[in-house]
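Undergrad: Let's see this in three dimensions:
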Amino acid sequence: MISRRHFSAFATASLATAAAPSMAQNGRPKLALVLGAGSARGFAHIGIIKALDAAGIKPDLIVGASAGSVIGVFYAAGYTGLQMEEVAMKVRDADVIDTAANTKRGLVGGEALQRLINNFVKDKPLEALKTPFIAMATNLKTGDPVQLRIGDSGQAVRASSSMPGVFLPTMIGGMELVDGAISSPLPVSVARQMGAETIVAIDVGAAPQNVNASGIYEIVMQSFEIMGQSISRLEGQKADVLIKPAVGQFSSSDFSNRAQLIAAGYTAGQRAIEQIKLAQNGNYKKRK
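TA: As a prediction, this is how the structure comes out:
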């Protein structure tokens with residue numbers, strides 16, 4: 001008899017292997033962009049993407065966790081950094097927050113975020129996005145990382161961003177999924193497994209700054225930062241280029257600093273352009 005655990009493992013493997021993204025086959029190194037978790041600090045990803053756009057650098061694969069999945073799905077759908085910045089400055093908290101009713105499992109339902117994402121990507125599923133994209137989530141029962149590559153884009157981002165205690169878990173493929181930041185806050189290994197030869201990883205995490213965390217959201221965010229530091233540090237070492245924008249002065253629970261975070265990301269992105277080009281050329285020479 002197949003146990004629930006075996007079924008869960010089978011479902012996880014199915015989600016991770018079905019419709020594997022195809023990488024570019026145009027003679028240049030295959031480039032993956034890994035967007036790490038960071039809640040509000042995730043706005044810095046947009047600034048870095050703006051710098052990549054200006055330099056004409058375009059990834060063949062995008063992998064995102066938590067806040068990185070939100071930015072990543074827009075990028076994979078074809079939005080430029082500038083277009084994402086315009087969206088970020090207009091979206092209100094009320095557009096993504098819907099109160100969960102009659103439950104003790106979370107404060108936010110997550111359906112509003114799912115609808116918002118699907119509206120902006122025109123209801124395209126993950127496998128139909130312009131650039132192959134993987135959203136990382138965590139199996140609540142086993143703690144295993146789950147790669148979401150096919151299906152409802154909004155639902156995948158919702159799962160990847162479902163912070164336990166704040167958002168309700170998201171049910172996909174028979175699994176209850178929660179925030180990807182728990183198991184894979186900077187999923188460089190996933191990009192490498194997909195065959196990417198040059199990996200640019202963006203780590204928007206920082207040492208805990210909020211010494212007076214008083215509310216439940218602030219406490220949860222501070223806990224996430226503490227948990228994710230060691231994992232992100234190890235994963236970052238596996239990237240060809242690691243970009244760490246100067247965002248430590250901004251709280252991960254304060255969404256009012258969007259413009260400053262985007263600007264910090266742009267500065268960091270500009271500084272990394274030459275390093276990215278050198279990494280691409282180096283990998284190309286190794287292949288020859």
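
Undergrad: Could I get the full set of helices for the stretch 151-288 of the chain?
TA: 153-160, 188-193, 216-236, 258-287 (DSSP state H, counting those that start in this stretch).

Undergrad: Show me what the second one is packed up against.
TA: Helices and strands touching helix 188-193, as assessed by 3 or more Cβ pairs under 8 Å, 6 or more residues apart in numbering; DSSP states H and E, comprise strand 31-35, strand 61-65, strand 198-202, helix 216-236. Yep, even glycine has a C-beta here, placed from its N, CA and C like the rest.

Undergrad: possible to save these as a markdown table with mean pLDDT?
TA: Formatted as a markdown table, these follow (pLDDT from 0 to 100):
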| stretch | mean pLDDT |
| --- | --- |
| strand 31-35 | 97 |
| strand 61-65 | 97 |
| strand 198-202 | 97 |
| helix 216-236 | 77 |
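
Undergrad: I'd like those laid out as CSV, including mean neighbour count and distance to T80.
TA: Formatted as CSV, the helices and strands packed on helix 188-193 follow (neighbours: other Cβ atoms under 10 Å; distance: least, Cβ to Cβ, whole Å):
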stretch, mean neighbour count, distance to T80
strand 31-35, 31, 14
strand 61-65, 31, 14
strand 198-202, 27, 17
helix 216-236, 18, 26
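
Undergrad: mind putting these in JSON lines, distance to A128 included?
TA: Output for the helices and strands packed on helix 188-193, formatted as JSON lines (distance: least, Cβ to Cβ, whole Å):
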{"stretch": "strand 31-35", "distance to A128": "19"}
{"stretch": "strand 61-65", "distance to A128": "14"}
{"stretch": "strand 198-202", "distance to A128": "24"}
{"stretch": "helix 216-236", "distance to A128": "28"}
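
Undergrad: To G47, which of the helices of the stretch 151-288 of the chain lies closest?
TA: Checking those against G47 by Cβ to Cβ gives helix 258-287 as the closest, at 2.6 Å.

Undergrad: which helices and strands sit right next to that closest one?
TA: For helix 258-287, the helices and strands in contact under the criterion 3+ Cβ pairs under 8 Å, 6+ apart are helix 44-55, helix 81-90, strand 198-202, strand 241-243.
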